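> Predicted model and sequence follow; I will ask about them next.
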Amino acid sequence: MNRLFALATAALMAVASASAAMAQERPDFHDRGRFGPHEPRLELDARYHHDHYYPARGAVVGVLPQGAVSIGFHGGNYFFHGGVWFRPSGGRFVVIAPPIGIVVPVLPPAYATVWIAGAPYYYANGAYYAPAPGGYAIVAPPPGADTAEPLSSPVAAAPVPAPPPARAPDPIVYPRNGQSAAQTEADKQECNRWATSQPNALADAGVFQRATSACLDGRGYTVR
């Protein structure tokens with residue numbers, strides 16, 4: 001009887017320890033009251049041994065976490081905090097997949113680093129980040145992402161630091177067709193976003209600049 005009692009006690013302690021460990025992995029999104037009376041459901045992201053919890057896509061919250069960053073993109077407004085992206089919806093906020101091409105000034109506090117075709121990518125919460133002018137851009141999953149292995153060990157004390165953003169020098173842009181200053185600026189921004197989608201542009205500032213110049217030339221500008 002004593003042996004059975006000891007075994008049962010050990011099993012209960014193991015379950016309690018596992019539950020405590022899982023709770024410790026959950027980020028502050030699970031803190032009661034962080035999002036008002038309706039807390040979002042959390043999902044575990046275990047890809048590349050990332051092993052962090054995030055609110056499920058489509059979850060609606062009443063308030064944003066403190067410190068959320070506002071980012072304008074393609075005429076819309078988005079918010080970013082701790083690897084989670086939101087968009088406004090009827091006075092509340094919806095957890096979304098970030099749009100491809102949007103640039104955030106800093107990486108999430110937790111991410112997995114993977115090297116694919118000789119270039120670094122940073123993964124968190126279903127999204128891939130790559131160095132870009134102004135910070136880190138959301139990119140489509142690169143070819144080979146399904147079989148890539150994380151660079152750092154899952155038990156590493158800290159994630160591998162990201163390299164500084166690759167910044168290309170600003171070119172001189174001359175409007176050949178009399179485009180206004182506002183139109184020129186809008187075309188430059190669109191071409192910058194398009195350039196981030198080109199192979200190796202996010203890892204090579206020279207490729208990024210050539211892609212931007214080609215795009216502007218096609219829109220009626222001379223670039224020097």
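Yep, that arrived. Numbers count the residues shown, from 1 in each chain.
> What are the buried residues along stretch 131-143?
Of the residues in stretch 131-143, 131-133, 135-139, 142 count as buried by neighbour count, 16 or more other C-beta atoms under 10 Å. Every residue, glycine included, has its C-beta placed from N, CA and C.
> any idea which of those is closest to residue 188?
Ranked by distance to residue 188 (C-beta to C-beta), the buried residues of stretch 131-143 are led by residue 133 at 11.5 Å.
> Look up the pLDDT of residue 75 for me, please.
pLDDT for residue 75: 82.
> I should have written residue 32 there, sorry.
Confidence score, pLDDT, at residue 32: 43.
> what do you get for residue 216?
At residue 216, pLDDT is 90.
> where does it land in three-state SS?
helix (DSSP: H, G, I helix; E, B strand; the rest coil).
> just to revisit the earlier point, the buried residues of stretch 131-143 in strands, which ones?
Among these, the residues falling in strands (DSSP state E) are 131-132, 135-139.
> Stretch 118-138 - what's its average pLDDT?
The model assigns stretch 118-138 a mean pLDDT of 90.
> Do me a favour and get the end-to-end distance for it?
18 Å (C-alpha to C-alpha, to the nearest Å).
> so can I have a markdown table of the ones in strands among the buried residues of stretch 131-143 showing distance to residue 69?
A markdown table is the format used below for these (distance: C-beta to C-beta, whole Å):
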| residue | distance to residue 69 |
| --- | --- |
| 131 | 18 |
| 132 | 16 |
| 135 | 10 |
| 136 | 12 |
| 137 | 15 |
| 138 | 14 |
| 139 | 19 |
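> List just the nearest of the residues you listed to residue 108.
For these, the nearest to residue 108 is residue 136 (9.4 Å; C-beta to C-beta).
> give the contact list for that closest one.
By C-beta atoms under 8 Å, 6 or more residues apart in numbering, residue 136 lies in contact with 103-107, 122, 129-130, 162, 165.
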